[in-house]
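A structural model of the following input is requested.
(chains A, B, C, D, E and F)
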Protein chains: 6
Amino acid sequence: MTAMRPANPARESVVKCVDHGAVQTAHDAGWWLDRADRIAVSGDETMSTFGLIEYADANPEVRATYDDIMATRKTDWINNFWKAIAHDPATLKRTWESIKQIMAPGALDPLTKELIYVAVSVTNNCHYCIASHTASAFAKGMTPAMFQELQAVIGMANETNKVVTGYQVEIDERFRPPLPR
Amino acid sequence: MTAMRPANPARESVVKCVDHGAVQTAHDAGWWLDRADRIAVSGDETMSTFGLIEYADANPEVRATYDDIMATRKTDWINNFWKAIAHDPATLKRTWESIKQIMAPGALDPLTKELIYVAVSVTNNCHYCIASHTASAFAKGMTPAMFQELQAVIGMANETNKVVTGYQVEIDERFRPPLPR
Amino acid sequence: MTAMRPANPARESVVKCVDHGAVQTAHDAGWWLDRADRIAVSGDETMSTFGLIEYADANPEVRATYDDIMATRKTDWINNFWKAIAHDPATLKRTWESIKQIMAPGALDPLTKELIYVAVSVTNNCHYCIASHTASAFAKGMTPAMFQELQAVIGMANETNKVVTGYQVEIDERFRPPLPR
Amino acid sequence: MTAMRPANPARESVVKCVDHGAVQTAHDAGWWLDRADRIAVSGDETMSTFGLIEYADANPEVRATYDDIMATRKTDWINNFWKAIAHDPATLKRTWESIKQIMAPGALDPLTKELIYVAVSVTNNCHYCIASHTASAFAKGMTPAMFQELQAVIGMANETNKVVTGYQVEIDERFRPPLPR
Amino acid sequence: MTAMRPANPARESVVKCVDHGAVQTAHDAGWWLDRADRIAVSGDETMSTFGLIEYADANPEVRATYDDIMATRKTDWINNFWKAIAHDPATLKRTWESIKQIMAPGALDPLTKELIYVAVSVTNNCHYCIASHTASAFAKGMTPAMFQELQAVIGMANETNKVVTGYQVEIDERFRPPLPR
Amino acid sequence: MTAMRPANPARESVVKCVDHGAVQTAHDAGWWLDRADRIAVSGDETMSTFGLIEYADANPEVRATYDDIMATRKTDWINNFWKAIAHDPATLKRTWESIKQIMAPGALDPLTKELIYVAVSVTNNCHYCIASHTASAFAKGMTPAMFQELQAVIGMANETNKVVTGYQVEIDERFRPPLPR
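I've put the predicted structure just below:
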């Protein structure tokens, strides 16, 4: 399992520090540091079930997808989501192709699409997705004021979604599909 | 319970029709029509726990909120949600005041806010909210192409929200808040 | 499949009515009535995947559970949920035993437990559960004012749950478990 | 709007019946029938936002996808989901290609995949998906006993998911990813 | 980004400790501590998207809300939720005014309202809300036995919500709204 | 609050290390270590609301359940979930009895049941449950390829669940229950 984790130089250095204490202390600290180390590199969302596949370790199929992600996004960086699912190259490729198609400029602009992505992610309580798509939205021009209005709408919608459900309200005639176009 | 429901003229007319049959027939049909009638006025989302309060039956506090809704929305019509929660005038007023503040034009335009509202409602599976806010979005200028892209983004976000969660992916350093502004 | 559905006398009576039209009409109406009939007995929540098992058709194991439900609840009536899962007598029994234990008076009174049940059901958007537990709560003494406050709290909680998530707020030191008791 | 709906022969026939009544009756019944008709063809899940695109009305791109669905599934029938999203041929094609790839036999057999699909759909409370994938699972060999165990596991998982969350239980060391493979 | 975080005196002190090791050690530990420090002040729920606004840094509008929160709750402390949304003073004020109105004693007592809040938060899987409202409920008199029954009801409701949905159970006639009052 | 936590030998050892620094340093580090220690033993999912009950500290009723868990699972280890709910022995016993009954081999094999459990847990975003049941599934024979297909199906199901809902698609006639068996 250790082979899956990046070398953690801090662990060595702190163990050196703890060596100023007794053998038992070092043993105890080792137990603790092992625990802390695991938290340090993972936290709640952890490192992912199979670990992350870096570019250098990727096979050609995965590298091709990584290359397309970086070229499309004009960046030299791949975020953890792709590295985590790269263990399944077919899913990596299918998911990226879908995202690329769906998030491209169209009838809705890319920033509006990011706002919608954040709205879904908050409603689903997906911490990774909230963090990554909030960052993306800022990168695409979301201002703090837009962020705040976005959150206010998400909160309000979640509230009224439940009030209407709790009161068991019937759909009004004129809202019933199919809708005129 | 019948007293709570608005008179349904259709029921009478169909019973007249059925009267061309036998007494037993009319009786049977009455049983069925009562059932059908209930469906006709309620369906799954039903009529709401306490029934709906029409303008004519509303007290002055409720009427004041109804008036503000209609004036703000430039319409002469109140949808079922408000009529259902009007049994609690304080909640009616508080909810409307919040909605009016949040959905007003600001850093985000009203149509973008509707798209976000739909995204939350679909993710929450709230049929009333989907029907009413989809209708509102069309009224505010959403085109079929925008609707289709909206749904595609909602679907994609729901998919990746779960894939990232299932793979237990850790949040990337650079996505962690607080974010630079 | 028809054997699973209760006889529907209305269908016959309306067909008699339609017989005042032409043969083709009756045929068309039959098509429509078949459709309407299906809706009449099912709606969205439908009749259940396997149909409902009535007491008269139940085996001794199922009857024993039905008897205990009716005795415990001081009623002569079994609601659809139990009739739907009675195809799996072990699940029927286990679920009822759990419900009986959990919903009994304890540190929380039965009405408070119903309010909590409604809160969960609304948040989960479970129409059957909302309808049945709202009715139960009224039967156990919930007043309209209590219902209204319940819905307001549910709505508010759903709103702030999402706002706190969208703003990625860290848990305060003093809220972190384990809590002092 | 009527142009979007398939002709409903029943409506004509019943109106003929109602014509035995008075003009006013016919008018009232018309109002009611229009309402009932809408319910008859839609219900809660309704007909879909834009109506359904039948094969005969589909453009070549949509027909190609319909053809592939029918060929792959060895059927001459397309279910409503595809007809509803066919207004967006790119989404129709992308969604179908993904489903075809993901649901194909692999390390998991097709029936197991359907069981997983049902588990997600029940947890999400998606009535259409529950109905369609439960039917598919039966078609692929699910027995009533399997259905019952599936539902029992879904129920239990939903219960313990919430109990563990409510008690704020920390993940055990040995469960933390990355996992040995 | 460091400028957004409060000074962390611990970091300095531990670095002093590590100075007992070598220069390289201190460097490595610095890397680790930077990582640990981020976790120390954020964890999964992190510090919030924009950081927290302390009273001393708040503008008069925000201070007025903070003052009202503390006066109403008879405390001298503001929890992170309010500090996180204070970047949007209008949302801060609106949310607080709504909470104050909704959570006040009424037909339901404040403790019952907290139990309902916890039930929603657990069902939504909102860790911050679970932690804060569980603490609030204990502060308002919830006993461990009440906590345990609360969790049992939440778990049971989540289970039966899904079993009833998975079996596609139709709502019983007598549960259908509108309900007699 | 420290009294509630199990003794943490690591803390002592690290404090010894810090003692090599100055008094002020030790004080600061103490503050930090207290914080880090809390994270080390809790993280986001934390230690649980009431802490964990170890076997040695358990009463006979709880020990009896622990014994049955270990005997049934052929292990000498109890995971945190059970230790967290052991404060409520009745819930501990009821939950374990239900799990034992439901997860036993039947019409579905134990591995398939674990896959279903994971599918629910991912859809519910329950980190503890994902971590523990993913580990259990691997222990019962899930291969990486099976894991990857499982996640792909979960993702796809979550996507189409929302697309069908957003397009408000009506259930097809032939999917409506009750189903032929």
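
spell out which parts of chain A neighbour chain C.
Residues of chain A that fall close to chain C, judged by Cβ under 8 Å from any Cβ of the partner chain: A:118, A:122-123, A:125, A:127, A:130-131, A:134, A:150-152, A:154-156, A:158-163, A:165-168. Bear in mind the C-beta positions are built from the backbone N, C-alpha and C, glycine included.

mind running it again at 6 Å?
A:Val122, A:Asn125, A:Gln151, A:Ile154, A:Gly155, A:Asn158, A:Glu159, A:Lys162, A:Val163, A:Thr165, A:Gly166 (Cβ under 6 Å from any Cβ of the partner chain).

my read: the fifth one touches C:Lys162, true?
Yes - the pair formed by A:Gly155 and C:Lys162 meets the contact definition of Cβ atoms under 6 Å, at 5.2 Å.

got any residues that touch both of the two?
Common contact partners of A:Gly155 and C:Lys162 (Cβ atoms under 6 Å, 6 or more residues apart in numbering or on different chains): none.

what packs against the helix or strand hosting A:His133?
In the assignment (DSSP states H and E), A:His133 maps to helix A:127-139. Counting contacts by 3 or more Cβ pairs under 6 Å, 6 or more residues apart in numbering or on different chains; DSSP states H and E, helix A:127-139 is packed against helix A:110-124.

contacts for the helix it packs on?
Contacts for helix A:110-124 (Cβ under 6 Å, 6+ apart): A:103, A:129-130, A:133-134, A:136-137, A:140-141, A:150, A:154, B:112, B:116, B:119-120, B:123, B:153-154, B:157-158, B:161, C:162, C:165-166.

can you select the buried ones among these for me in ChimeraX?
For the buried members of these, the matching ChimeraX selection, counting by 16 or more other Cβ atoms under 10 Å in any protein chain shown, is:
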select /A:103,129,130,133,134,136,137,150,154 /B:112,116,119,120,123,153,154,157,158,161 /C:162,165,166
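
distance of the residue positioned nearest the centre of chain A from chain C?
With distances taken as Cα atoms, centre = their mean, A:Tyr128 lies nearest the centre of chain A, 3.0 Å away. Per Cβ to the nearest Cβ, to the nearest Å, A:Tyr128 is found 11 Å from chain C.

the residue lying closest to that residue once chain neighbours are set aside: which element?
Distances taken as Cβ to Cβ, 6 or more residues apart in numbering or on different chains place B:Val164 nearest to A:Tyr128, at 4.8 Å, with adjacent residues excluded. Assigned by DSSP H and E, B:Val164 belongs to helix B:144-166.

low pLDDT regions in chain A?
A:1-46, A:180-181 (pLDDT under 70).

change it to 80
Along chain A, the parts satisfying pLDDT under 80 run over A:1-46, A:179-181.

report the spatially nearest residue to A:Phe175, omitting neighbours in sequence.
Nearest residue to A:Phe175, sequence neighbours excluded (Cβ to Cβ, 6+ apart): B:Ala131, at 4.1 Å.

got it, and A:Ala107?
B:Ala145 (3.8 Å).

how many residues are close by the one you found?
13 (other Cβ atoms under 10 Å in any protein chain shown).

you'd agree it is up against A:Leu108?
No - contact status for B:Ala145 versus A:Leu108: not in contact, 8.6 Å apart, counting by Cβ under 6 Å.

roughly how far does A:Gly51 sit from D:Ala104?
Distance check for A:Gly51 against D:Ala104: by Cβ to Cβ, to the nearest Å, it reads 27 Å.

so for those two, which residue has more residues nearby?
The neighbour count for A:Gly51 versus D:Ala104, taken as other Cβ under 10 Å, is higher for A:Gly51 (20 against 12).
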